[in-house]
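> Okay, sequence plus prediction incoming.
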Amino acid sequence: MFVSYNFRIIAEHDFGLSYANRGFQYNDGFFETLIWHQGKIRFLDDHLDRIKRAMQVLSLTQLPQLTASFLQTEANALIRQNTLDTESIRIKINIWRESGGLFTPESEEAEILITVAPQQPFPAVIGQADFYTGLPNRFTPFSFFKGPYALHYVQASLAKKKAGLDELILLDEQKNISECLVSNIFWIKNNQVFTPSLESGCIAGIMRLNVLRACQMLKIEVWEGFYTKSDLYAAEAVFTSNVTGLRPILYIGQKQFATNHPLVMQIEQLVLA
């Protein structure tokens, strides 16, 4: 396998990190997941915007190479080097601060690692979901991107596995709906779309953004806010969104929801066109 480390493609066995790496020592960095589909990175400009905003919040110097054209070219080269021949490929970008210092960094310069792997298929429908009762989500200046607060996602994933569930729904500190483990959450009632506010601590998902854009184009009324379990249970259909697409939820607890709602299909058709 080959990886791109600081924009240089090298063999995986030649890549290594120092014990002083700040991502390892202090979680001083973040990651971004993108989907390459049929020769093109999906929603690339939106991903780059979130990457740049995350770097700004973390006081990291912007990487001038991170342009749409350069990243597409780098991803294509990395895919060819790894001889990947699948329709969809997952691209992961890890960015962290250069080594140096304890809690107080000595640098604002960033390092970057880009890896690629075939995108594994997901079931079209999430069969059984429920609510996570462990660590709550919390809104911070860092909660819109992925990385700094991954521990509670790990713990929730362990709880999901132990319970034999297909998905868990995370709540905020006031027990409002926030998001799912690796996706944002939406629901439909009376031909209106509802989704938690970013202030619930959910990720500012790239697919979430494009679902909202699609609803605007389709003239579907959207409500972003703070919602409880009761609001979710009153829905006609519930679906999740992440870079891989949209997936309806069949059951939350004992409550069954529609998995073929026409609005969901319209939105999905538009965002994945």
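Structure received. Computed from a predicted model, the values in this text were never measured in an experiment.

> and after the helix or strand bottoming out on mean pLDDT in the chain, which helix or strand comes next?
The weakest-scoring helix or strand in the chain, judged by mean pLDDT, DSSP states H and E, is helix 22-26 (a mean of 91). Counting by DSSP states H and E, the next helix or strand C-terminal to helix 22-26 is strand 29-37.

> Please enumerate residues in contact with that next one?
22-23, 41-44, 47, 50-51, 54, 58, 75, 79, 87-97, 110, 116, 119, 145-148, 243-244 (C-beta atoms under 8 Å, 6 or more residues apart in numbering). Quick note: C-beta positions are derived from backbone N, CA and C, even for glycine.

> 6 Å instead, please
With contact meaning C-beta atoms under 6 Å, 6 or more residues apart in numbering, strand 29-37 is reached by 23, 41-42, 47, 51, 54, 75, 88-89, 91-96, 145-147, 243.

> Next: stretch 259-269.
Applying C-beta under 6 Å, 6+ apart, the contact partners of stretch 259-269 are 125, 188, 211, 214, 218, 237, 239, 246, 248, 250.

> Can you tell me the SS state at the third one?
The three-state label for residue 211, taken from DSSP: H, G, I helix; E, B strand; the rest coil, comes out as helix.

> mind checking pLDDT for it?
Residue 211 is assigned a predicted lDDT (pLDDT) of 98.

> How about it, nearest residue that isn't a chain neighbour?
Nearest non-adjacent residue to residue 211, counting by C-beta to C-beta, 6 or more residues apart in numbering: residue 241, 5.3 Å away.

> Roughly how far does that neighbour sit from residue 213?
Between residue 241 and residue 213 the computed distance is 12 Å (C-beta to C-beta, to the nearest Å).

> Between the two, which has more neighbouring residues?
More neighbours surround residue 241 than the other of residue 241 and residue 213, with 26 against 14 (other C-beta atoms under 10 Å).

> As a check, name the ranges of all helices in the stretch 51-200 of the chain.
Ranges of helices in the stretch 51-200 of the chain, per DSSP state H, counting those that start in this stretch, are 68-81, 151-163.

> for the ones you listed, which one ends up most surrounded?
Of all these, helix 68-81 has the most neighbours on average by mean count of other C-beta atoms under 10 Å, namely a mean of 15.

> how far does that helix sit from the chain's center?
Centre-to-centre, helix 68-81 and its host chain are 21 Å apart (C-alpha atoms, centre = their mean, to the nearest Å).

> before we move on, what about stretch 210-227?
The chain centre lies 18 Å from the centre of stretch 210-227; the measure is C-alpha atoms, centre = their mean.

> now do stretch 179-192
For stretch 179-192, the distance to the chain centre is 15 Å (C-alpha atoms, centre = their mean).

> Could I get the average pLDDT for that stretch?
Rounded mean pLDDT across stretch 179-192 is 97.

> between the contacts of stretch 259-269, which is nearest residue 170?
Nearest to residue 170 out of the contacts of stretch 259-269 is residue 239 (C-beta to C-beta; 16.0 Å).

> Relative to residue 111, how far out is the residue nearest to residue 211?
Residue 241 is 30 Å from residue 111, by C-beta to C-beta.
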